[in-house]
Structure formats: structure tokens, C-alpha cells
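Colleague: Requesting a structural model of the entry that follows:
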Amino acid sequence: MLASPISPSSALLKYMRPFDDVFNLAGTISPAVDMSPPAENVSLAALPVELISRILETTVHAHQQNEAERALVRLLSVSRRLRDVALSTPSLWTSLRVTDSGVRESTLQHLQRSGVLRLDVTITVRCRNHKTMPCKEGVSMLMESLATLQASMSRWRTLDFNLPSCWLTQEALSTCGTALRNLEVLTVRTGHSDRGDYATPLPSVLVHMPRLRTINFHWYNFRWVEPACLASVTKIRLASYYMDDPSLVPELLEMLRACPNLERLELDTIAERWVPRLSHPPTFMPVELPKLKSIVLTDCGHEKAQILLRDIRCPNVTAINLAMVGNLNGVLDILSSEVHSWEHVTEFSIALCDFRASMLMGLLKNMPSLRKLEIRDCPQMNTTISDLVARADSLSGTGQEDRM
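Modeller: All right, here's what the predicted structure looks like:
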């Protein structure tokens, strides 16, 4: 539940009134109108520096990361006093963006103003050659930028790579080496037509990030070709990931095996071109994920969902979300098998999937702690809703949400 908005007192309002233009310029909401008699305005010079810094921080951080820099520029134009305080407030300069133009003088000034604080860094290279490969100028500019920024890499908290190629990402991460030892969140977005350059050995670079908590890959086709242990990773998200080769299936499982403390697994839009070559998928050594709490599978194809769920053991999961997975009967059969335990599941959601109601009913019997059942846009619900309602009524305290 959201907290009720707090209106500033009349005493505080007299200090905030000179900043009405600040809020308007930055695109935020002005403070609530005070109905008491107007107080005498106070000049900017009379306000404590700490109060000005706090107002600037609140205003800038209210914006998305890609808009924060623009908001900051607008704030600097309000007054000389505001500009001086902003330039001496390190927390306003912790979001760093680097593009194809490389590290400019303004970027170095931005970096200097951040002091010793942790940084959120976004690096974007869009230059391409022959539609699929990055141009030489883009590669050169990226490597020069990384070399210039290397001294600050130990302060990087998050890193968001927007690069045209997977192999370029591998080269960039390898160039960083051990300098990213304090990185907590790694996001990689690459082009989706890399033509086989997905054979990049990820563990060789990720093992140099002992504090990494979140792995977030979009369009990044990787190979997990060597054992590793990423004990700090608690969240993995793979989006638009193309598994062009059957050998990538065990490698994905090995990636999960390397993260024994994983708490959230999310797969979104996983291509399944390899499925015809795996009519009888081999059984892999089960992956133990005792701390996994949430599984989200979206548009993954039921074959891959079956293999993944068959070979992981996660007895403490509390939430399962399956959307656009196709025919769920095989998945439901695997989830209902004796090797799995769903005693702690409290939320179960299905959307845009086909299934037999009897198989779903069988799985629900293995979820004694279920408190929320959500089924959306599944055609079978038109004829089996009464069975599901009866099942929901039989579970003490269980609520069901049907949003057909």
C-alpha cells in the first residue's frame, strides 16, 4: 500500500517557494499549496547548502536514468547559486553515459564531480558495418573509452552495455578484466543477427566480478564452456536469447549450477529452432537451486520449458509464472512428478497457454500453500471453470483470480 503524500508545513514552504521554478523546469510536481497567509520569501543564498542539495537530489532521482542528465542540465540553468551547489554535490553525478563519440571532456568532468561514490554506467555503440558487424571506428572508440575509464571501474555499481555484437561485448568485458570487481548489476543488449559469434566463454569474465548480483542479458547468445561459481548472483534474466544448438541446453543448466544462491530466474522469448533435433532430449545432472523463490517463463516454447523444469530442483519456490509457453500439458506433467516439491508455492499464474484442466488440477494438489491462482486468456477455462472454482474452495484460505 502506498504511503499517503506528506504536505510540507508552512515553515518549510517558505523555504521551498523559491524552488517552484526548479520543480517546474525538472518536470516534477510542485509542493502542495499552503492555505495559510503567505510568508515572506527567502532568497536562495539564505538556504542551507544541505537543503539545496537534498532538493536537487530528490528532483533528479525522480527521473528515469536516461532522463536524469537532462533534468540536471535544466536545473543548472535556474540560478548561479543552484549551479554552484549542484557542481559540488557528488550524488548528482553518479549516472555516467558514454556513446559512440567516446569519452569527452564533459564526461571526465562528470566523473570528477562524482567524487568517490559508486557509479551507474551506460555504454552505447551503435555503429555497424554490413548490417551485422560493428564498424572499425565503433570498436576503436569503445576500446579507447574503456581505457580512459579504467581507473574508475572499481566504483562501477551497474554496467549497461548496448553493443551491436556479442563478440564485441566479450572483448569489452575481457578488456575490463579484474577492474569490475565491485560490479553488482550487469546488463548486456546486443544485436540479434550475430551469425554464430555467440561462442563467447562467459565464465572467463564473470568470475572477475565477485559482487555481481544480477545478470540481465538481451539478445546475448553466450556459451558456458567451463565450470565456475558465481555465489553472489541472485537474479538471472535472459531475454530474446537464441539457442541455435542443442549443446546450449546443458550449458544453460551449467550456468544455473554456477549460481547456487539464485533467487529469481526469468526467461523471456527464447527461440526454439533447435527443437526438431532433440526428439529425445538427454537427461542432465539435476541442478540444485535451494534458494530459488521465483520462476518466470515467457514465450519460451514448451519443449525448452520441459527440459529446464525437469532438470532443476528448487523446493523453496514461492511463485511460478508461465505465459505464452504453448501447450502446457508436458510442463504440468513434469511439475507434478515426484522429484519436485511445491509445498511453499503461494502464487501460480498461467497466461495464453493450452492445457488440460485435469492435469492442472493434479498439480494444484501438490501446492498446499497456494494463496493466489491466476489464469488469463486460456481457452480451456470456458469449460473447466467450475472444476477450478471447486478446487479453490477446497483450499483453506485460497483465493483465485480469474481474468479471462
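
Colleague: Give me the neighbour count for residue 104.
Modeller: A count of neighbours around residue 104, defined by other CB atoms under 10 Å, yields 12. Using the backbone N, CA and C atoms, a C-beta is placed for each residue, glycine as well.

Colleague: Check residue 339 too.
Modeller: Counted with other CB under 10 Å, residues neighbouring residue 339 total 9.

Colleague: Give me the secondary structure label for it.
Modeller: When classified by DSSP: H, G, I helix; E, B strand; the rest coil, residue 339 comes out as coil.

Colleague: That one: what's its closest spatial neighbour, skipping adjacent residues?
Modeller: Distances taken as CB to CB, 6 or more residues apart in numbering put residue 313 closest to residue 339, at 7.1 Å, once the chain neighbours are dropped.

Colleague: Please report the distance of the one you found from residue 353.
Modeller: Separation of residue 313 from residue 353 (CB to CB, to the nearest Å): 23 Å.

Colleague: Compare these two (neighbour count), which wins?
Modeller: Neighbour comparison, residue 313 and residue 353: the larger count goes to residue 353, with 23 against 13 (by other CB under 10 Å).

Colleague: I'd say the more buried one and residue 330 touch.
Modeller: No. Counting by CB atoms under 8 Å, residue 353 does not reach residue 330; the two are 11.5 Å apart.

Colleague: which intervals of the stretch 251-400 of the chain have sub-threshold pLDDT?
Modeller: For the stretch 251-400 of the chain, the stretches flagged by pLDDT under 70 are 270-284, 380-400.

Colleague: As a check, name the ranges of all helices in it.
Modeller: In the stretch 251-400 of the chain, helices defined by DSSP state H, counting those that start in this stretch lie at 302-310, 329-335, 357-364, 381-394, listed in chain order.

Colleague: still on that earlier bit, please name the bridge partners of the residue nearest to residue 339.
Modeller: Judged by DSSP bridges, the bridge partners of residue 313 are residue 288.

Colleague: isn't there a strand covering residue 212?
Modeller: No. Membership of residue 212 in a strand is not supported by three-state DSSP, which gives coil.

Colleague: Check the gap between it and residue 143 for me.
Modeller: Taking CB to CB, one finds residue 212 at 22 Å from residue 143.

Colleague: Then residue 374?
Modeller: On the measure of CB to CB, residue 374 and residue 143 end up 48 Å apart.

Colleague: likewise residue 336?
Modeller: Here the distance between residue 336 and residue 143 works out to 52 Å (CB to CB).

Colleague: The two: which has the busier surroundings?
Modeller: The neighbour comparison of residue 336 against residue 143 (other CB under 10 Å) goes to residue 336, with 17 against 14.

Colleague: Number of residues surrounding the closest residue to the more buried one other than its chain neighbours?
Modeller: In space, residue 336 comes closest to residue 363 once its chain neighbours are excluded; the distance is 4.8 Å by CB to CB, 6+ apart. With neighbours defined by other CB under 10 Å, the count for residue 363 comes to 23.

Colleague: and the gap between residue 363 and residue 331?
Modeller: Shown here: residue 363 relative to residue 331, a distance of 9 Å by CB to CB.

Colleague: ok now do the residue nearest to residue 336, which residues does it touch?
Modeller: Taking CB atoms under 8 Å, 6 or more residues apart in numbering as the definition of contact, the neighbours of residue 363 are 332, 335, 336, 342.

Colleague: Residues in contact with the strand or helix carrying residue 96: which ones?
Modeller: Element membership of residue 96, judged by DSSP states H and E, is strand 95-98. The list of residues contacting strand 95-98 from outside it, by CB under 8 Å, 6+ apart, reads 65-66, 68-69, 107, 110-111, 114, 119-124, 145, 149.

Colleague: for whichever helix or strand comes after it, which positions count as buried?
Modeller: For strand 95-98, the succeeding helix or strand toward the C-terminus, using DSSP H and E, is helix 105-113. By neighbour count on 16 or more other CB atoms under 10 Å, the buried set for helix 105-113 is 107, 110, 111, 113.

Colleague: Give me the neighbour count for residue 263.
Modeller: Around residue 263 there are 17 other residues, counting by other CB under 10 Å.

Colleague: Report the separation between it and residue 149.
Modeller: Here the criterion is CB to CB. By it, residue 263 lies 31 Å from residue 149.

Colleague: Same question for residue 379.
Modeller: Shown here: residue 379 relative to residue 149, a distance of 53 Å by CB to CB.

Colleague: How about residue 295?
Modeller: Distance, residue 295 to residue 149, by CB to CB: 37 Å.

Colleague: in the stretch 151-300 of the chain, which spans are strands?
Modeller: Under the criterion DSSP state E, counting those that start in this stretch, the stretch 151-300 of the chain contains strands at 156-162, 185-189, 214-218, 235-242, 264-271, 287-288, 294-298.

Colleague: got a markdown table for those, with mean neighbour count and distance to residue 59 too?
Modeller: Written out in a markdown table, the entries for the strands of the stretch 151-300 of the chain read as follows (neighbours: other CB atoms under 10 Å; distance: least, CB to CB, whole Å):
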| stretch | mean neighbour count | distance to residue 59 |
| --- | --- | --- |
| strand 156-162 | 20 | 21 |
| strand 185-189 | 19 | 24 |
| strand 214-218 | 20 | 27 |
| strand 235-242 | 19 | 29 |
| strand 264-271 | 18 | 32 |
| strand 287-288 | 18 | 46 |
| strand 294-298 | 19 | 34 |
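
Colleague: and of the ones you listed, who's closest to residue 229?
Modeller: The closest approach between residue 229 and any of the strands of the stretch 151-300 of the chain, judged by CB to CB, belongs to strand 287-288 at 13.1 Å.

Colleague: what does that closest one rub up against?
Modeller: Outside strand 287-288, the residues that reach it (CB under 8 Å, 6+ apart) are 253, 256, 257, 260, 311, 312, 313.

Colleague: Filter those down to the buried ones.
Modeller: Buried positions within the contacts of strand 287-288, assessed by neighbour count (16+ other CB under 10 Å), are 253, 256, 257, 260, 311, 312.
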